[in-house]
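In: the amino acid sequence is not available; the structure is as follows:
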């Protein structure tokens with residue numbers, strides 16, 4: 001016989017599989033056996049069908065697929081013999097689940113077997129239905145199961161009750177059909193039927209309020225009597241477990257009584273006596289007894305109030321805490337945490353035992369006990385409990401110190417009776433586990449110390465003593481350094497000595513030594529060293545005799561590799577050397593920090609300063625309203641929420657930013673009139689001194705770039721168009737500049753965000769058939785590199801724009817590994833061709849082609865982010881920029897005579913032959929900014945002749961004049977700029 005034929009016995013197959021030494025051998029055996037079973041199934045082999053299905057069940061348990069044998073289950077279930085049905089139902093429960101569609105085919109067979117005359121076949125059907133019953137099967141077979149609850153055989157009634165539990169969980173609407181049969185089963189003497197009936201009633205109460213009320217009214221007394229009989233019953237070997245009669249039925253009855261008594265005083269009164277009897281009579285020296293006691297305690301805590309019973313229950317939990325079994329102690333702690341909401345005073349009596357559990361060797365018990373101690377603390381016991389926890393903190397394991405430290409700090413902050421006690425306890429925690437203390441904790445300690453003016457001396461002396469003892473705790477060092485820097489004179493002069501303090505002698509040199517140690521510790525991080533440098537700067541004013549030594553210590557960080565420390569060292573040294581007259585004012589004591597504000601921020605109750613809503617203004621803390629970002633700028637992440645938008649007056653902005661009075665006499669109203677006599681509007685503005693304009697350049701670190709770029713960057717901040725009534729779309733471009741991240745030695749300077757392609761505002765119609773002319777554009781320019789774009793479109797394909805980028809080297813250096821990168825939004829498709837060369841020769845140029853396809857042509861403009869990278873003399877140089885909206889004008893520079901310069905802005909496209917124009921003489925730069933918010937609304941101007949003030953840069957004019965492209969009939973703009981401005985550029 002083939003060893004892998006369908007006639008192979010199950011034991012032979014199991015023996016063959018277990019003899020395999022490798023997984024590959026096992027897979028080979030299973031594969032051959034499955035092939036033989038498939039062949040037998042295809043041949044409809046009825047003699048060995050049950051054997052094949054038994055093999056499939058074993059293969060299924062090994063984890064191999066057996067879906068091909070599902071129909072064989074149905075065939076065996078439909079057979080008439082009990083052995084075949086037994087294998088069929090077993091395979092049905094093992095190989096299928098309620099999600100299988102094949103299961104619907106077995107419903108009829110189950111219904112027939114539930115009505116079978118053989119009780120064993122009925123039992124098979126009930127077992128299968130109780131395991132894999134779906135909602136549809138439950139609705140179809142519920143009447144048969146309900147009828148079987150009254151069957152003569154107790155085993156069938158038990159199985160029917162278990163099957164009923166599955167049915168009401170799948171279809172809760174059928175619960176009402178099982179209420180009366182379930183209640184009748186509660187009178188059973190057979191424990192197997194009774195325990196299933198109790199569980200059925202419990203589940204009925206959970207899914208049906210009608211069943212809950214019925215059982216409360218009709219069955220509570222019967223359940224109490226059953227529990228009493230069991231508690232007082234004599235030894236019964238059939239149900240005895242460790243000397244207790246059927247503890248499983250005990251527990252089921254207690255759980256059902258818990259549900260019935262919860263929220264019902266009458267039912268609770270009915271069961272009080274039996275609960276007290278169970279709680280006192282059951283012995284706790286056996287695990288079965290402990291299980292019953294635990295459920296009894298849970299029932300007592302859940303039913304309506306009875307003070308005596310609850311004290312008894314909590315005392316039982318207290319006994320559990322003394323048990324050697326960790327599981328019993330854990331569940332006791334868990335139950336005591338729930339009991340805190342019911343009777344906290346009774347739990348307090350076991351405080352000492354709970355504290356001992358905090359020191360347990362088991363980590364889970366330690367953590368659960370610590371959580372319980374946290375709940376036990378109140379104003380009356382905070383001092384002794386905190387003392388116990390801090391004492392244990394010294395001996396606790398490293399992995400537990402973090403959790404314990406958090407709890408202690410939270411307790412001290414929450415229940416502190418006085419500030420001096422709070423400072424003492426926090427000092428102990430910082431000394432023992434300062435490295436585990438979170439930043440907000442020592443921040444809060446500093447806030448408390450700053451608010452306790454009468455404890456400044458006590459705090460700084462205590463911290464100085466602690467610092468002399470240990471310098472290994474980072475948070476302790478930070479708080480001590482801060483206090484020594486703020487109150488070093490108090491420390492030296494022993495100001496504010498309290499009666500509880502011991503005298504201490506500290507010299508100025510000793511105080512400086514303590515801070516110097518903090519700086520030179522190899523374990524100190526950046527925050528600690530930075531705070532120590534600030535403390536030294538403050539001590540230089542408080543201790544004039546140590547000023548030279550302090551200066552030397554500060555200078556030691558001048559060569560630090562950490563930029564933050566290097567910068568602080570240089571700046572503080574500059575203050576010590578050049579600003580002696582203002583040093584005392586700079587290093588005055590910190591103002592008192594508001595505790596309520598700090599607590600609110602820490603708790604997250606203060607509103608955030610930046611709103612994430614779109615289309616509305618952002619509220620900035622300094623009171624300046626920031627308009628919503630333009631959609632394209634937001635899409636490319638060109639806008640920033642870090643800096644507030646400019647206010648309507650440059651002078652007011654500087655005054656608010658710098659804290660100085662920058663306003664000058666207001667300029668007289670400028671009446672802007674056209675040649676045809678039409679007034680545009682009257683404008684009254686404040687002029688801004690160019691001296692303060694340069695102050696802002698220094699403040700914003702823009703002054704390092706070339707003058708043209710710097711002016712452009714600053715003009716964006718100070719001179720954006722402020723007419724809030726006009727739509728952003730009417731600006732026809734963005735006014736924000738995107739500075740480049742470049743090396744300090746790099747010749748690349750920040751490039752402005754330029755408007756490159758068709759904007760959001762109205763633009764002149766282009767005649768596609770006549771081949772429109774597209775102007776070239778300088779997309780990026782610095783002192784050493786210029787990138788220009790030349791544009792063209794394919795006939796009949798307006799969505800695609802061909803761009804020829806030309807990169808010109810303006811320096812005598814050769815740029816190697818030249819790389820140009822571009823990024824566009826999702827609605828654009830960008831194709832970049834390789835550059836003509838990756839080396840850009842000195843004073844030479846290379847080119848690169850690209851193709852941009854706009855899937856939303858006519859709806860959205862083309863936008864692009866660019867990045868340039870190359871190596872110059874072995875150093876990497878980077879340049880970035882963002883391009884938006886190609887303007888329909890070109891710029892030509894001409895000079896008139898010796899002292900004047902002319903810049904003509906000539907439109908491309910149709911222009912009307914009109915002579916309407918305007919002559920303007922602007923007295924101040926701010927007027928130049930505001931006038932364009934008026935000009936952009938005029939559609940009938942042919943020319944504009946402007947005399948520009950000398951504090952307006954050419955690059956600023958180029959960017960701002962892009963707004964003039966909205967003027968459909970504007971042909972040329974003539975500007976007269978002084979020779980001083982021309983030379984400066």
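Out: Nice, thanks for sending it over. All of these numbers come straight from a predicted model, not from anything done at the bench.
In: buried ones in the longest strand that the chain contains, by neighbour count?
Out: Here the longest strand in the chain is taken by residue count, with DSSP state E as the criterion, and it is strand 797-809. Within strand 797-809, the residues that qualify as buried by neighbour count (16 or more other Cβ atoms under 10 Å) are 800-803, 805-809. Every C-beta, even on glycine, is put in place using the N, C-alpha and C of the backbone.
In: same check, this time on stretch 177-193
Out: Under 16+ other Cβ under 10 Å, the buried positions of stretch 177-193 are 177-179, 181-183, 185-186, 188, 191-193.
In: and the contacts of that stretch?
Out: Outside stretch 177-193, the residues within contact range by Cβ atoms under 8 Å, 6 or more residues apart in numbering are 142, 146, 149-150, 154-155, 157-158, 161, 164, 167-168, 194, 196-198, 200-201, 204, 208, 210-211, 214-215, 218-219, 222-223, 226, 239, 246, 249.
In: how about stretch 300-314?
Out: Looking at what lies outside stretch 300-314 - Cβ under 8 Å, 6+ apart - the contacts are 257-258, 261-265, 267-269, 271-272, 275-276, 279-280, 296-297, 335-336, 338-339, 342-343, 346-347, 349-350.
In: now intersect those with the helices, please.
Out: 257-258, 261, 265, 267-269, 271-272, 275-276, 279-280, 296-297, 335-336, 338-339, 346-347 (DSSP state H).
In: which among those residues end up buried?
Out: Neighbour counting by 16+ other Cβ under 10 Å classes 257-258, 261, 267-268, 271-272, 275-276, 279, 296-297, 335-336, 339, 346-347 among those as buried.
In: low-confidence ranges, this structure, go.
Out: For the chain, the stretches flagged by pLDDT under 70 are 1-7, 602-773, 880-985.
In: checking residue 15 next. Helix, strand or coil?
Out: Each residue gets one of three states, and residue 15 gets helix by DSSP: H, G, I helix; E, B strand; the rest coil.
In: do the same with the one 5 residues further on
Out: In terms of secondary structure, residue 20 is coil; the call rests on three-state DSSP.
In: ok, the buried residues of strand 797-809 vs residue 834, which is closest?
Out: Relative to residue 834, the closest of the buried residues of strand 797-809 is residue 805; by Cβ to Cβ it sits at 12.1 Å.
In: okay, now the nearest residue in space to that closest one that is not next to it in sequence: neighbour count?
Out: Setting aside the residues directly before and after it, residue 805 is nearest to residue 848 in space (Cβ to Cβ, 6 or more residues apart in numbering), at 4.9 Å. As a burial measure, residue 848 scores 19 neighbours (other Cβ atoms under 10 Å).
In: what of residue 243?
Out: Residue 243 has 12 neighbours, counted by other Cβ under 10 Å.
In: ok, now which ones touch it?
Out: Taking Cβ under 8 Å, 6+ apart as the definition of contact, the neighbours of residue 243 are 235, 283, 286.
In: pretty sure the second one is in a helix, no?
Out: No - residue state for residue 283 (three-state DSSP) corresponds to coil; a helix is not indicated.
In: burial of it, as a residue count?
Out: Residue 283 has 13 neighbouring residues, counting by other Cβ under 10 Å.
In: distance of it from residue 247?
Out: Residue 283 sits 11 Å away from residue 247, taking Cβ to Cβ, to the nearest Å as the criterion.
In: which neighbours do those two share?
Out: Counting by Cβ under 8 Å, 6+ apart, the shared contacts of residue 283 and residue 247 are residue 289.
In: gap between residue 14 and residue 33?
Out: Residue 14 is 10 Å from residue 33, by Cβ to Cβ.
In: between these two, which has more neighbouring residues?
Out: For residue 14 versus residue 33, neighbours defined as other Cβ under 10 Å are more numerous around residue 33 (24 against 12).
In: wait, isn't residue 593 in contact with residue 447?
Out: Yes - the pair formed by residue 593 and residue 447 meets the contact definition of Cβ atoms under 8 Å, at 4.7 Å.
In: so the two - more neighbours on which side?
Out: When residue 593 is set against residue 447 and neighbours are counted by other Cβ under 10 Å, the residue ahead is residue 447, at 18 against 15.
In: which ones are touching the more buried one?
Out: Each residue near residue 447 by Cβ under 8 Å, 6+ apart is listed here: 593, 595, 598.
In: including secondary structure and distance to residue 387, could those go into JSON lines?
Out: JSON lines is the format used below for these (DSSP: H, G, I helix; E, B strand; the rest coil; distance: Cβ to Cβ, whole Å):
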{"residue": "593", "secondary structure": "coil", "distance to residue 387": "29"}
{"residue": "595", "secondary structure": "helix", "distance to residue 387": "25"}
{"residue": "598", "secondary structure": "helix", "distance to residue 387": "27"}
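In: and those as TSV, adding distance to residue 425?
Out: Shown next, in TSV, are the contacts of residue 447 (distance: Cβ to Cβ, whole Å):
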residue	distance to residue 425
593	20
595	17
598	19
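In: which one of those sits closest to residue 381?
Out: The nearest member of the contacts of residue 447 to residue 381, counting by Cβ to Cβ, is residue 595 at 24.6 Å.
In: surely the closest one meets residue 450?
Out: No - in terms of Cβ under 8 Å, residue 595 does not count as a neighbour of residue 450; the distance is 9.0 Å.
In: do you know how far residue 459 is from residue 335?
Out: When residue 459 is compared with residue 335 (using Cβ to Cβ), they lie 43 Å apart.
In: which residues in the stretch 101-250 of the chain form helices?
Out: 107-114, 119-132, 135-148, 154-170, 179-185, 191-207, 209-218, 220-232, 247-261 (DSSP state H, counting those that start in this stretch).
In: and the nearest residue to residue 547 once chain neighbours are set aside, what is it in contact with?
Out: Setting aside the residues directly before and after it, residue 547 is nearest to residue 540 in space (Cβ to Cβ, 6+ apart), at 4.8 Å. Applying Cβ under 8 Å, 6+ apart, one finds that residue 540 lies in contact with 546-547, 550-551, 576, 583, 587.
In: so which of these comes closest to residue 85?
Out: Nearest to residue 85 out of the contacts of residue 540 is residue 587 (Cβ to Cβ; 93.7 Å).
In: for that closest one, list the residues it contacts.
Out: For residue 587, the residues meeting the contact criterion (Cβ under 8 Å, 6+ apart) are 537-538, 540-542.
In: would a markdown table of the residues you listed with secondary structure be doable?
Out: Output for the contacts of residue 587, formatted as a markdown table (three-state DSSP):
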| residue | secondary structure |
| --- | --- |
| 537 | helix |
| 538 | helix |
| 540 | helix |
| 541 | helix |
| 542 | helix |
